[in-house]
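Participant: Just to be clear, the model below is a prediction. Sequence and coordinates:
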Amino acid sequence: LAKTTQPISMDSYEGQEVNITCSHNNIATNDYITWYQQFPSQGPRFIIQGYKTKVTNEVASLFIPADRKSSTLSLPRVSLSDTAVYYCLVGVPAYSSASKIIFGSGTRLSIRP
Amino acid sequence: DGGITQSPKYLFRKEGQNVTLSCEQNLNHDAMYWYRQDPGQGLRLIYYSQIVNDFQKGDIAEGYSVSREKKESFPLTVTSAQKNPTAFYLCASSRGGPPLDTQYFGPGTRLTVL
């Protein structure tokens, strides 16, 4: 099982770039890496997904080294509204058993003015 | 608007009672999921359904039951056998095809056992 490990919490300031790293040493060949954002009392929301190298969209970038044993979510110029819990998810639920759908404990990101 | 709806938003139950949480999606997604979240914790998978009339147990299925008779509906029943049911319950759906498809989550149901 591709279990993930993330820092429990991180603090930063408005306007800074924030990088959150996720370790997934047992990632399988077919596994993709997906990041979600969750605000209190809401369901998680998709941020970005990747398989290797770098992926960028309008809100974030995802860096994945060649060995794919870790990944880094990069949030450019954060604002107060980026304060949330960020989850790293590894797996391919469409072709795997339910037990491979594993959300990590998440990283609680706090942004200060 | 397409999306996932969960009802009710808040639910109170007496000990020993079964209760059913509703989850409906109009995204035409094949796969649907139920997660449980306890305060300050991550999401834990209860059940997963890849297609109608089929579902698989997740990590914490004991004390829960599901059905998937229609593509758009995936109700979760919390039975009296669930020893500590007070939690935030989240339903999600995904297209179900490769690769790891984006999961779209509902607003959640907060269940409190009195």
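Facilitator: Nice, I can see it.
Participant: how close does B:L111 get to B:Q41?
Facilitator: 15 Å (C-beta to C-beta, to the nearest Å). Using the backbone N, CA and C atoms, a C-beta is placed for each residue, glycine as well.
Participant: Which of those two has more residues huddled nearby?
Facilitator: The neighbour comparison of B:L111 against B:Q41 (other C-beta atoms under 10 Å in any protein chain shown) goes to B:L111, with 21 against 13.
Participant: That one in helix, strand or coil?
Facilitator: Secondary structure for B:L111, judged by DSSP: H, G, I helix; E, B strand; the rest coil, is strand.
Participant: Looking at the closest residue to it other than its chain neighbours now. What's its pLDDT?
Facilitator: Spatial nearest neighbour of B:L111, chain neighbours left out: B:L11 (4.8 Å); criterion: C-beta to C-beta, 6 or more residues apart in numbering or on different chains. At B:L11, the pLDDT value in this model is 93.
Participant: Check which helix or strand B:L11 maps to.
Facilitator: Per DSSP states H and E: B:L11 is located in strand B:10-13.
Participant: now A:Y87
Facilitator: strand A:84-91.
Participant: same deal with A:F63?
Facilitator: Assigned by DSSP H and E, A:F63 belongs to strand A:61-64.
Participant: In that strand, which residues are buried?
Facilitator: A:61-64 (16 or more other C-beta atoms under 10 Å in any protein chain shown).
Participant: Pipe the residues you listed into CSV and attach pLDDT and distance to A:I111 per row.
Facilitator: Output for the buried residues of strand A:61-64, formatted as CSV (pLDDT from 0 to 100; distance: C-beta to C-beta, whole Å):
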residue, pLDDT, distance to A:I111
A:S61, 97, 18
A:L62, 97, 20
A:F63, 97, 21
A:I64, 97, 25
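Participant: Pull the contacting residues for the residue of chain B found nearest chain A.
Facilitator: Using C-beta to the nearest C-beta, the closest approach of chain B to chain A is made by B:F105 at 2.7 Å. B:F105 sits next to A:42-45, B:4, B:90-92 when contact means C-beta atoms under 8 Å, 6 or more residues apart in numbering or on different chains.
Participant: One more: A:M10?
Facilitator: Taking C-beta under 8 Å, 6+ apart, one finds A:18, A:20, A:107-110 in contact with A:M10.
Participant: Close to chain B as well: tell me which of these qualify.
Facilitator: Contacts with chain B are made by none of the contacts of A:M10, judged by C-beta under 8 Å from any C-beta of the partner chain.
Participant: Among the residues you listed, name the buried ones.
Facilitator: Applying 16+ other C-beta under 10 Å to those flags A:18, A:20, A:107-109 as buried.
Participant: what bits of chain A have low per-residue confidence?
Facilitator: Within chain A, the stretches with pLDDT under 70 are A:1-2, A:92-101.
Participant: Which stretches in the chain count as strands?
Facilitator: Defaulting to chain A. Ranges of strands in chain A, per DSSP state E, are A:9-13, A:18-23, A:32-38, A:45-50, A:53-56, A:61-64, A:70-75, A:84-91, A:102-103, A:107-112.
Participant: not quite, I wanted chain B
Facilitator: B:4-7, B:10-13, B:19-25, B:31-37, B:43-51, B:54-57, B:64-66, B:76-78, B:87-94, B:104-105, B:109-113.
Participant: That's all I had, so thanks and see you.
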